[in-house]
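Enquirer: Give me a 3D structure for the following:
(chains A and B)
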There are 2 protein chains.
Amino acid sequence: MKFAKRMDSLKASEIREILKLIENPEIISFAGGLPAPELFPVEEMKEAARAVLEEDGQKALQYSSTEGYLPLREKIAGRMEEVGVKTTADNILITSGSQQGLDLSGKVFINEGDVVVCESPSYLGAINALKSYSPKFVEIDTDDDGMDMEALAKVLKETEHVKMIYVIPDFQNPSGRTWSVERRKQLIELANEFDLPIVEDNPYGELRFEGERPPSIKSFDTQGRVIYLGTFSKIFCPGLRVGWTLGDGEILQKYIFVKQGADLHTNTLTQREINKFMEVHSIDEHIEKIKNVYRKRRDVMMEGIREHFPKAVKYTYPQGGLFTWCELPEEMDAKEVFKKSIKENVAFVPGGSFYPNGGKENTFRLNYSMMSEEKIREGIKRLGKVLKQEIETR
Amino acid sequence: MKFAKRMDSLKASEIREILKLIENPEIISFAGGLPAPELFPVEEMKEAARAVLEEDGQKALQYSSTEGYLPLREKIAGRMEEVGVKTTADNILITSGSQQGLDLSGKVFINEGDVVVCESPSYLGAINALKSYSPKFVEIDTDDDGMDMEALAKVLKETEHVKMIYVIPDFQNPSGRTWSVERRKQLIELANEFDLPIVEDNPYGELRFEGERPPSIKSFDTQGRVIYLGTFSKIFCPGLRVGWTLGDGEILQKYIFVKQGADLHTNTLTQREINKFMEVHSIDEHIEKIKNVYRKRRDVMMEGIREHFPKAVKYTYPQGGLFTWCELPEEMDAKEVFKKSIKENVAFVPGGSFYPNGGKENTFRLNYSMMSEEKIREGIKRLGKVLKQEIETR
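Expert: Residues are numbered from 1 along each chain as shown, chains lettered A, B, ... in the order given. Predicted coordinates for the structure are as follows:
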C-alpha cells in the first residue's frame, strides 16, 4: 500500500517524544507548553456544564453550524477590540483550538511547492500542520523587535510562489519575543505590496505581565488580508480544544468550507459551556489570576538564569506568554545538553525542531508556566550546573 | 491573493444550504441526518460532567495525548468484537467525529490526481472531505447487496493510481442499503490482490432494527489494510464530536501524525465524559432505546411511502440506520420536486450531490430519525401528493 507523498516529510514531533519521556513526576519539566492546571476553573466549569445542559441540553448535544455558536462568536468579536479590531460574529469561525486554524490555513492557501515565509525560529506545531500541504519554508531572521523587514522585503522580491506569511507577533513560541508596532505596520505594507495573506497566530497575547498590549497586525489591515488565530487554550483550558479564526468575507468562507469537510463543526456543548462561563464570570478576572501566577514564575526563572547560567548562554526576556529562549555558543548542541540534563531530572526542548529547514542546534526553549516557583528555582539551578560543565569541557 | 487550487473544486454543500432553508419549525424535514434530540441522555451527561470534573478536573481540562483517552479507547476496542474484530486500544485513535477520520484518510493516502473508488451514490461529507486532496472519484454501481464486484474488479484492473476504496457497508448513507457478507469477503480479496487500503465507514451499523449484524469488512482483513471509522454521533450525541479510527500498526501511526497537526487531540473533557457514561450506564441499553424509536419511525415512513407514493417511485427498505433512498423515473429532476415540496413545508435532499461525478438527478434521500411518527405520516402524505402531480404532469 502506498501513502501520500506528503507523509514522507512528516515524522513524530520531537517534543512529543520528549513529553512522553517526562511523564515521570520526579522530572522538573520546562519542556512542554502546558498551562498550569491548578488555575483551571474546575468548579466554574462544573457549574457551566450543569447550567447549559439544564437550560438547553438537547441543542447542546446536537449537531450545530460549522461557523460555531453565535453568542460565543459575538463575545469573541467584542474582545477583538482589545487588539484594535472592530469586527462582528460574521467574521469569526470557531475552530478546534488555534491548531486547527493552522491546518485550515494550509488547506485554503497552499499548493505543493508553494512558499510559506515564517519567522526563524517558528512554532513547531505550525510547521507540522503546514507540512501536510508540502510547502517550502523560507525563514526570516528575527531580533527583539520581530522579523527583519529588510530581509523579508528581499525574500518577497526574489522568491517565486510565496503564498503566505506566517507570524506569531506576541510572546512568540519559541522565542518569547514581541514585535514592535513599527514592524507590524511594515509587515502590512509589504503584504499589501506583494498581495499576500498574513496568518497572525496569537495564542499568548492576552498573557501580558507588564507594559501595554500592542495593536494586532490585523488592526492595521485595511484590505482584509490578515487571518487572525486566537484560542481559549492559554487563557482558559486547552483540553477543551476551542479556538477561533478571524477573517474577512470570502477568505473566511473558504475556511468554513474546509472546516466543514475536516470535522463538520467544533463540539457544541463545549462552545456553550465557555459562553456560559463568560456570561456568569469575568474572563478578564480569570486571565488576571493566570498572569499573576505566571509573572512570578517568569521572575523566578529569569532570576535563576541570571544567577546560575554561564555568561556564554544568551536568553530572551519575555514580557508575557509561556517561554524564554536560550542560545548556547554556536558549536554546541542542545540535544547533548538535554541528555545530561535529563539525568539530573530536568527537561527542556532543544531548539533545532523550531527551524523548518534545520540548523541552530545550539538553542533551546524553556517553559515557566507549568512548574511551581520552588521547582523552577531548583530546576534552573541544576540546569545551570549542567550548562557550566558542558561549556567548560567543550 | 491566491487560494490553493483545491479550493476551486470545493463549494458549500447543497445539503447545508437546504438545512439553512428549513430552520423554520413548521417544515417537516426529512432532509438532515440528525439524531432525535429527545433521546439524548441529557441528565446522564450532566452527571457525567459533574463526576469527571470532581474526580479529576485538572486532567480533564488539560492537553492530552493525540491518541485519546486510554480507558475510552479500551472500551471502544472491546466493542469492536461485536463486528468480529479482536483488537486493543493500541489500534484505536480518537477523532473529532468520524468525519475527521475521513479528512485524515485523505491526508494519509491521497496525492493530487489519485483515484478514490467509492459506491455510487456515496456519502456527501466523505466526498467533500476527500476533495480537499484533489483525487478523481470512480464510482461503482451498487445494488441491494452492495458494490457490484465485477464492475469493481474491472475498474481496479483498468485504472491507474487507485489509492483507496471507500465504502459504507451498513445502512449506507444515502441509500440505506447493507452489503451482504459475500460481497464483504470479495472486497477484501480484491483489495489484497491490488494491494489497496479500504476505508470502512460505519456510523450506523449499531442501529439495526431487525436481523443479525453482519461481520465488518475489517473482520475479514488479515493484512491490516482496512481502516474502520466509528462514531458516537448516531448512538450517543453528535454535538460532542467524538469518533474513532481503528487501524493497524504503521497505518494508525500515520493517522496519529496527521491528527496531531490537524488539532493536537480531541476534547479531553468530552472523551472522559463519554467514558464515564459508559462506566456508569449501559450504552447498549441506550442504543436499544434509540433503535425502538427509529424502528417505529422507519415503519411509519415505509407504510406512508407504500400508501401515498406513486408506483413509479422506487425506494429501498432499510433494516436500520437513518435513511431510505428513492428513485424517480429517469427523466425527472428531484430538485424540481423539492421546489414544489418545500411549498408544502416538506423537505428532503435531492440525490445529485451524492454522486461525486454528477448525474442521477432523479434520486432523493429521506431521513426518518428526526421527526415524530405523526409528522412523518403527514409529511409523506404531502410528499406523495406532490410526487403524483409531478409524475402525472411530466
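
Enquirer: Find the nearest non-adjacent residue to the most centrally placed residue in chain A, please.
Expert: Nearest to the mean C-alpha position of chain A, counting by Cα atoms, centre = their mean, stands A:Pro203 at 4.9 Å. The shortest distance from A:Pro203 to any non-neighbouring residue, by Cβ to Cβ, 6 or more residues apart in numbering or on different chains, is to A:Thr231 (4.8 Å). The C-beta positions use only the backbone N, C-alpha and C, and glycine is treated the same way.

Enquirer: Now the phi/psi pair for the one you found, please.
Expert: Backbone torsions of A:Thr231, given as degrees, to the nearest 10, read phi -160, psi 150.

Enquirer: And it, what's its pLDDT?
Expert: A:Thr231 is assigned 98 on the pLDDT scale.

Enquirer: list the contacts for the residue of the stretch 251-394 of chain A found nearest chain B?
Expert: Nearest residue of the stretch 251-394 of chain A to chain B, counting by Cβ to the nearest Cβ: A:Thr268, 3.4 Å away. Residues counted as contacts of A:Thr268 (Cβ atoms under 8 Å, 6 or more residues apart in numbering or on different chains) are A:59-64, A:69, B:239-241.

Enquirer: Just the ones of those in helices?
Expert: The members of the contacts of A:Thr268 that map onto helices under DSSP state H are A:59-60.

Enquirer: In CSV, list the contacts of A:Thr268 along with neighbour count.
Expert: Listed next are the contacts of A:Thr268 as CSV, based on neighbours: other Cβ atoms under 10 Å in any protein chain shown:
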residue, neighbour count
A:Lys59, 17
A:Ala60, 28
A:Leu61, 26
A:Gln62, 20
A:Tyr63, 21
A:Ser64, 23
A:Tyr69, 26
B:Gly239, 28
B:Leu240, 28
B:Arg241, 30
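
Enquirer: nearest to B:Trp325, of the contacts of A:Thr268?
Expert: The closest of the contacts of A:Thr268 to B:Trp325 turns out to be A:Tyr63 (Cβ to Cβ; 20.9 Å).

Enquirer: nearest spatial neighbour of the residue of the stretch 251-394 of chain A closest to chain B, skipping sequence neighbours?
Expert: Per Cβ to Cβ, 6+ apart, closest to A:Thr268 is B:Gly239, 3.4 Å.

Enquirer: ok, the one you found - contacts?
Expert: A:60-64, A:267-269.

Enquirer: can you check A:Leu196 too?
Expert: A:156, A:162-165, A:190, A:225, B:1.

Enquirer: How is it assigned, secondary-structure-wise?
Expert: Three states are possible here, and by DSSP: H, G, I helix; E, B strand; the rest coil the one that applies to A:Leu196 is coil.

Enquirer: Next, give phi and psi for it.
Expert: Here A:Leu196 shows phi and psi, under degrees, to the nearest 10, equal to phi -120, psi 150.

Enquirer: How about the contacts made by the residue nearest to A:Pro203?
Expert: Listed by Cβ under 8 Å, 6+ apart, the contact partners of A:Thr231 are A:97-98, A:203, A:238, A:242-244.

Enquirer: what separates it from chain B, distance-wise?
Expert: 11 Å (Cβ to the nearest Cβ, to the nearest Å).

Enquirer: Tell me what that residue is bridged to.
Expert: With DSSP bridges applied, A:Thr231 shows beta-bridge pairing to A:Gly243.

Enquirer: For it, give its distance to A:Phe348.
Expert: 23 Å (Cβ to Cβ, to the nearest Å).

Enquirer: and if you look at A:Thr324?
Expert: In terms of Cβ to Cβ, A:Thr324 sits 10 Å off from A:Phe348.

Enquirer: Please enumerate the shared neighbours of these two.
Expert: Common neighbours of A:Thr324 and A:Phe348, counting by Cβ under 8 Å, 6+ apart, are A:365-366.
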